[in-house]
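# Give the three-dimensional model of this entry:
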Amino acid sequence: MKAPRIHVAAALTAGGDVVLPDSPARHVARVLRLGEGAPLVLFDGHGLEAEAMLVETGRKRVVARVEAVHEGRGESPLAVHLGQAISKGDRMDYAIQKAVELGVAAITPLYTEHGDVRLKGEREARKLSHWQAVAASACEQCGRATVPPIHPPTGLADWLAHRDEALRLVLHPGTPGALDRADSVTSAALLIGPEGGLSTGEVEMATAADFAALTLGPRILRTETAPVVALSLLQDRFGDL
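Model prediction:
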């Protein structure tokens, strides 16, 4: 069986011990039923990965000993910052999960005019923590050692004001060929609207911030499908697909 990959918010040092977080500890000890001596792969979320071995699998804690540390793999040469309109339920989780698998560098959940999700206070904090956990889990699955940050939700105007990526794209029916006209780039911003689409004013704001309209064919994609298609095109054109 392939060694499980586990994200740990801890320093990874050869010869050091790491106490696994509760959820992966339960998975390793109770679901996979791994015992002492079983191999693991740990990663710190900041680019380091470690080969490790279980040295304790008790009911109250599970401990792994780091044997070797190295730079992680799987990061794309194209750094994409995804601005994703917040959607309900599992759709937002899906968008984040697939974006991470496709090498996104950062994600900002966005409040938009036609979006029907508004988060405040403790509810927003819980959602943000949940989305960051979704990103970490996606990294465990896809082999990345760097967990992309999920930034606090913000309004579209604020997100646009901070964009300085070389290539900026907004998914909206427009002139075909936005990617074909672009030179080789190492950074990009990608704006995805909600189910109801971006308003005319929001598209104009994006255009004023040097975003080019990107059309993904004649069919209308769901808000959680759109980033999968757009990121695949970006990675094929400028990244490592």
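
# Now for Val55: which residues touch it?
Asp17, Glu36, Val63, Ala64, Arg65 (CB atoms under 8 Å, 6 or more residues apart in numbering). Every residue, glycine included, has its C-beta placed from N, CA and C.

# Setting aside sequence neighbours, what's the nearest residue to it?
Leaving aside its sequence neighbours, Val55 sits nearest to Arg65 (CB to CB, 6 or more residues apart in numbering; 4.7 Å).

# Look at the one you found and say how many residues are nearby.
Counted with other CB atoms under 10 Å, residues neighbouring Arg65 total 17.

# Correct me if wrong: it contacts Ala50.
No. Assessed by CB atoms under 8 Å, Arg65 is found out of contact with Ala50, at 9.8 Å.

# Name the SS class of the spatially most central residue of the chain, please.
Taking CA atoms, centre = their mean, the centroid of the chain lies closest to Val100, which sits 3.3 Å from it. Three-state assignment for Val100 (DSSP: H, G, I helix; E, B strand; the rest coil): helix.

# got any ranges where the chain has weak pLDDT?
For the chain, the stretches flagged by pLDDT under 70 are 1, 175-177, 181.

# For this structure, which segments are assigned as helices?
22-26, 90-101, 121-142, 156-161, 200-208, 226-238 (DSSP state H).

# what would the ones you listed look like in a markdown table with distance to Gly74?
Formatted as a markdown table, these follow (distance: least, CB to CB, whole Å):
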| stretch | distance to Gly74 |
| --- | --- |
| helix 22-26 | 19 |
| helix 90-101 | 10 |
| helix 121-142 | 7 |
| helix 156-161 | 26 |
| helix 200-208 | 30 |
| helix 226-238 | 12 |
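
# Quick check: which of those helices is nearest to Leu216?
Closest to Leu216 of those is helix 226-238 (CB to CB; 5.4 Å).
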